[in-house]
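**Student:** got a predicted structure here, sequence first:
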Amino acid sequence: MLLGTSGSSTNQLTNPASVTLNKNADTLYIADTDNHRIVAVTLATTVPTVVAGGGAFPMAQLTSPADVYFDSSTNSLYIANSGAHTIVRWVIGASSWTLIAGTPGYSQPTPLSLNNPQGLTFDSAGNMYVSDTGYHRIQFFSAGNTTGKTIVGTTSTTGTGSSFLNSPRSVVLDSQFNIYVSDTSNYRIQKFQRI
């Protein structure tokens, strides 16, 4: 069981930011942001285990993971590795990640870069949508492509108009592929019609 106190032992969390569920295995995956890891909890036993991050080598480390998405088709976790400005994929049981999007470390705002990504989701075709918080935009990555396209917001520009975002965090899709964004620093939720 996870304790209600901050800490770094296996049964403690520090600033957990998001969760995702593997329904087939009744396992909850938690982005334990300030411990730089992903923790799994099997619902039947509530015994936590570290399944990603915390390694000694760069490819085994995470930096402030902000969001985690479980993909059943590949048995993988997609992680918004916000402190490294990347999205990575970590196959369950593996000891390291694969870079999916972004350039590790800080970079200028380009279609290949991200700045403090806080959220991600996928559509049924395998396309990825990333809440690129530091650049105030939602980036669209077609399946298998590492070059993003800004589909919501204006890169590196904030505003209060309906076409602007200010530090967006969470992003989700409905069954019609409409996009919902938590426009955090504008204190609102925005809906955008499908692209």
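**Tutor:** Yes, it's here.
**Student:** correct me, but Gly54 touches Asp32?
**Tutor:** No: with contacts counted by Cβ atoms under 8 Å, Gly54 stays clear of Asp32, the gap being 9.4 Å. (Each C-beta comes from the backbone N, C-alpha and C, glycine too.)
**Student:** which of the two has more neighbours?
**Tutor:** Asp32 (26 against 16; other Cβ atoms under 10 Å).
**Student:** my guess is that one meets Pro65, correct?
**Tutor:** Yes: with contacts defined as Cβ under 8 Å, Asp32 counts as touching Pro65 at a distance of 7.5 Å.
**Student:** any shared contact partners between the two?
**Tutor:** Ile38, Gly53 (Cβ atoms under 8 Å, 6 or more residues apart in numbering).
**Student:** before we move on, which element is Ala125 in?
**Tutor:** Using DSSP states H and E, Ala125 maps to neither a helix nor a strand.
**Student:** show me what contacts it?
**Tutor:** So Ala125 contacts Ala143 (Cβ under 8 Å, 6+ apart).
**Student:** low-scoring stretches of this structure, by residue?
**Tutor:** Of all residues in the chain, those with pLDDT under 70 make up the ranges 1, 3, 56-57, 195.
**Student:** how many residues are close by Ser9?
**Tutor:** 10.
**Student:** hang on, it is in a strand, isn't it?
**Tutor:** No: read with DSSP: H, G, I helix; E, B strand; the rest coil, Ser9 is coil and lies in no strand.
**Student:** how about it, phi and psi?
**Tutor:** The phi and psi values for Ser9, taken as degrees, to the nearest 10, are phi -70, psi 170.
**Student:** let me see the contact set for it.
**Tutor:** No contacts exist for Ser9 under Cβ under 8 Å, 6+ apart.
**Student:** also Ser163?
**Tutor:** Here Ser163 is in contact with Gly153, Thr154 (Cβ under 8 Å, 6+ apart).
**Student:** assign a three-state SS to it, would you?
**Tutor:** coil.
**Student:** so how far is Thr146 from Ser163?
**Tutor:** Ser163 is 26 Å from Thr146, where distance means Cβ to Cβ, to the nearest Å.
**Student:** same deal with Ser124?
**Tutor:** 21 Å.
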